[in-house]
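**Student:** can you look at this prediction? I've put the sequence above it.
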Amino acid sequence: MSDFSSAQQRHAALSAEIEAHNRLYYTQDAPTITDFEYDRLMQALLALESEHPSLLTSASPSQRVGSAPRDEFTQIRHEKPMLSLSNGFNDDDIFEFDRRLHKELGQPEETVFDYVAEPKLDGLAVSVLYENGQFKYAATRGDGKVGEDITQNVKTIRSLPLSLPAGAPDRLEVRGEVFMSHAGFSKLNAAQADAEKKVFVNPRNAAAGSLRQLDSKITASRPLDIFIYSLGVISDETFAMTHFDTLERLGALGFPICPLRERVTGAQGCLDYFSSLSKRRSALDYEIDGIVYKLDRLDWQRAAGFIAKAPRWALAHKFPAQEKSTIVRDIEVQVGRTGAITPVARLEPLFVGGVTVSNVTLHNQSEIARLGIRVGDTVVVRRAGDVIPQIVSVNLDKRAANSVAYEFPTACPVCGSGILVEGEGVIARCSGGLSCAAQVKQAIKHFVSRKAMDIDGMGDKIVDVLVDDKRIGDVADLYALSFEQIVSLEGFADKSAQNLIESIAKSRHTELPRLLYALGIPQVGESTAEQLANTFGSMDALADANVDRLESLPDIGPIVADNIVRFFDQDSNRLVIQSLFDRGVTYDEIDIADLPDPDSLPMAGKTIVLTGTLSSLSRSDAKKKLQALGAKVTGSVSKKTDMVIVGSDAGSKAAKAEELGIDMLDEDALLALIEA
């Protein structure tokens, strides 16, 4: 094989690997490698393209910025591309950057350039456009040319002005980095854990995930902040003559600007700033992964111009990774409160990045397979972003001859129930949801919730106390609680205790869809529970259904079907269900022969989205009425959507429907449709 053929194959493999990591980082907010490793892949690609220029095409990852925008969001085309930055990793790279600029601008070596040095924040890049002093829209970087419309979400960032003072340019696009402070990140993760929700890996993922929510109310509840670092389009060409003055003027207009910015002199001034901030880095309350240097004079910036995906007049100087080697003493799995199975590596303790590390999460089965990690291995540990330690590689040269591959457990270490694995090892979950001691609190809280058995007055704190005091051990024990057991709890008087007893009693007779949803079968939500109830008519019939029968139903794929079968295959789950019936829980069986043919319903085959606030009925009630007419009600607008019901204060879903030419009905039209 010729050298060029070998280079072609290597280039194709690197391109595919980089594109896969782009999708994980930019689109799914779930990176599996560190920035350092990504940069090494990109440097290898650039080296190949430098050695073999014919490999450099417009399709190369080296010519792209970010990744394609997600379909769930309306797209916004940037009037001026949002480019990324070239990287430098050592002193020589910075001096070379300065030399290249002198050559590009035709300036003698003795001319000393001023640069603006700013921390490189580890968050999500956004652009925000103002027209006539008013916030118009905001977008993600996307692929550099087209981004996602995140207007409503960015408006929730309190430090960002929604209107500008008199004297602001008529059209002003600012660009910046949305991030989450360490304090905010810790507070958010504590709240997520308390609510039995996803805990974020690091502040960058938390910020990106928060900013790309389809519901802006969720974004508003997250502690996001932003620093503006540059301009996009601007109607006033005399706004400023230098980058430093641009930031000063933007700050005067009310925009949050990083207070650590400095104007420095020459390449050595850049390196002095880098050294100074490196020493202060650990004391900052937000994540930075390097320093950005920008040529200060804007006329020289324009003269220097751009390469395919980055300006020639700016450079990102990355911090070196902080990593050390240690030995894996054991790999254990932990069971979370929602049944999630998380493997953890127990390490020979080591001091890295300012802290002692002895435990590192391995996230999931696919991560173990990717690393190829085994007990006894020597591994490299890095504190990713100075916050979360992670294993980045295994030293195979030091692997013992008698080493054996790690086998992921098939049974829950707490209750012995089978482990369900989904998504090529990405998600593993204990199937003993009703009886597993590790997740009993979450199972009970879900069971008593409004959309499930609707036991009014049974709040989360009461469930915690009842379980901790061993007064209940599963959902069936709720129906054995006595007045005396409840009134003895702190905060309860005779009246409130009696009300809770009556609420429990009232819930004994329920509807089959509610009961199925209350059981907490993985991935069986309200709509799926309704479909299962109307298909099988009774709990026994559903419990005896096989995977093939379940997969034959619309919208139930192999994963959901397998979850249902495995749930009812667990003896512990069946025992709890039988205990519910023994303690008086009943439901009305559904005579499926009396149900209309789904295909004959007036809205059969129609996909509908609800957005905004309805005044005459709740979104939940509207959803049920539409489903009763045969419609499928989903949460996002796409080309497959047939109709969008638009209430007051509708957001991006209405805008996307209009863009796609989808029929939109107001509330009056919805009511007329239901009535007809």
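**Tutor:** Here it is on my side, so go on.
**Student:** contacting residues around the spatially closest residue to Ala655 that is not a sequence neighbour?
**Tutor:** Leaving aside its sequence neighbours, Ala655 sits nearest to Thr74 (Cβ to Cβ, 6 or more residues apart in numbering; 5.3 Å). Placement of C-beta: from N, CA and C, glycine included. Neighbouring residues of Thr74 by Cβ atoms under 8 Å, 6 or more residues apart in numbering: Glu148, Asp149, Ser652, Ala655, Lys656, Glu659.
**Student:** okay, those residues in CSV with secondary structure next?
**Tutor:** Output for the contacts of Thr74, formatted as CSV (DSSP: H, G, I helix; E, B strand; the rest coil):
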residue, secondary structure
Glu148, strand
Asp149, strand
Ser652, helix
Ala655, helix
Lys656, helix
Glu659, helix
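**Student:** out of those residues, who's the most crowded?
**Tutor:** Neighbour counts for these (other Cβ atoms under 10 Å) peak at Glu148, which has 25 neighbours.
**Student:** kindly state the beta-bridge partners for it.
**Tutor:** Gln75 (DSSP bridges).
**Student:** any idea how far Val375 is from Glu367?
**Tutor:** 16 Å (Cβ to Cβ, to the nearest Å).
**Student:** try Gly433
**Tutor:** For Gly433, the distance to Glu367 - Cβ to Cβ - is 24 Å.
**Student:** when these two are compared, which one has more neighbours?
**Tutor:** Gly433 (27 against 17).
**Student:** surely that one meets Gln439?
**Tutor:** Yes: in terms of Cβ atoms under 8 Å, Gly433 counts as a neighbour of Gln439; the distance is 6.2 Å.
**Student:** any residues in contact with both of the two?
**Tutor:** Common neighbours of Gly433 and Gln439 (Cβ under 8 Å, 6+ apart) are Gly339.
**Student:** angles on the backbone of Asp330, please.
**Tutor:** phi -160, psi 160 (degrees, to the nearest 10).
**Student:** skipping adjacent residues, who's closest to it in space?
**Tutor:** Asp330 sits nearest to Arg346 (Cβ to Cβ, 6+ apart), 4.2 Å away.
**Student:** that neighbour touches Thr361, doesn't it?
**Tutor:** No: contact status for Arg346 versus Thr361: not in contact, 11.2 Å apart, counting by Cβ under 8 Å.
**Student:** ranges for the helices of the stretch 51-200 of the chain?
**Tutor:** Using DSSP state H, counting those that start in this stretch, the helices assigned to the stretch 51-200 of the chain run over residues 91-105, 151-154, 182-194.
**Student:** so which of those helices comes closest to Gln578?
**Tutor:** helix 182-194 (32.2 Å; Cβ to Cβ).
**Student:** buried ones in that closest one?
**Tutor:** Gly184, Phe185, Leu188, Asn189 (16 or more other Cβ atoms under 10 Å).
**Student:** residues contacting the last one?
**Tutor:** When the contact criterion is Cβ under 8 Å, 6+ apart, the partners of Asn189 are Val199, Phe200, Ala206.
**Student:** still on that earlier bit, give me the beta-bridge partners of the residue nearest to Asp330?
**Tutor:** Asp330, Asn359.
**Student:** that one: neighbouring residues, count only.
**Tutor:** Every residue meeting other Cβ under 10 Å relative to Arg346 is counted, giving 15.
**Student:** sounds good, over and out.
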